[in-house]
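Visitor: A structural model of the following input is requested.
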Amino acid sequence: MEGYHDLATLKRIYSGIDIYITNGSEISQNTLEELKTLNKQRGLILFLDPDFQGERIRRIINDYVGNTKHAFLTKKDCISKNKKKVGIEHANRDKIIEALGSFYQTGQKLDKPITLIDLFNLNLIGNQNSKELRKKLGETLGIGLNNGKSLCNKLNMFGISLDKVIEILEVRK
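Guide: The predicted structure is shown next:
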């Protein structure tokens with residue numbers, strides 16, 4: 001979680017939930033150490049805003065603490081009523097429950113990791129429609145919009161196979 005508004009939203013849904021607030025993008029070394037300890041003792045589910053800062057925090061924490069679980073909401077599900085802010089605190093209850101009920105685990109090993117060449121061959125990079133295809137794929141998988149390199153990294157990190165990606169893209173045609 002990034003802030004206290006997100007905390008309040010989750011506490012309304014899950015009164016007994018344990019939440020660690022990162023206080024936005026300022027992640028101290030002490031915070032990273034505490035999260036690493038918590039991850040070893042109990043495991044972590046990283047549930048962050050679907051924006052640049054949320055993804056940046058997700059990457060920093062995951063890289064530092066090791067394998068974690070990741071829950072995602074789409075940007076469209078987290079937009080404030082005035083359309084000016086994006087955050088978990090703006091998401092509806094059902095979307096939050098759905099996201100926390102279908103998380104990804106990092107550290108899943110693929111027999112054959114996905115490469116940027118695979119993404120190019122599937123028109124997910126290097127094509128005028130690539131961004132739209134990545135958006136649809138990200139929405140279907142629940143991992144948000146990513147550039148080509150980030151998509152490749154996430155697919156491999158979460159153990160999502162090339163066959164699964166092809167299956168999703170075939171259905172979305």
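Visitor: outside of stretch 63-80, which residues touch it?
Guide: 32, 35-36, 39, 43-47, 49-51, 58, 61-62, 85-88, 90-92, 95-96, 99-100, 102-107, 138-139, 142-145, 158 (Cβ atoms under 8 Å, 6 or more residues apart in numbering). From N, CA and C alone the C-beta is placed, and that goes for glycine too.
Visitor: give me the buried entries from those.
Guide: 32, 35, 39, 44, 46-47, 49-51, 58, 61-62, 86-88, 90-91, 96, 99-100, 103-104, 106, 138-139, 142-145, 158 (16 or more other Cβ atoms under 10 Å).
Visitor: looking at the residues you listed, which are in helices?
Guide: L32, L35, N39, R58, I61, N62, I96, A99, L100, G138, E139 (DSSP state H).
Visitor: mind checking pLDDT for the second one?
Guide: This means L35. Here, the pLDDT recorded for L35 equals 95.
Visitor: which residues in the chain form strands?
Guide: 45-47, 69-71, 104-105 (DSSP state E).
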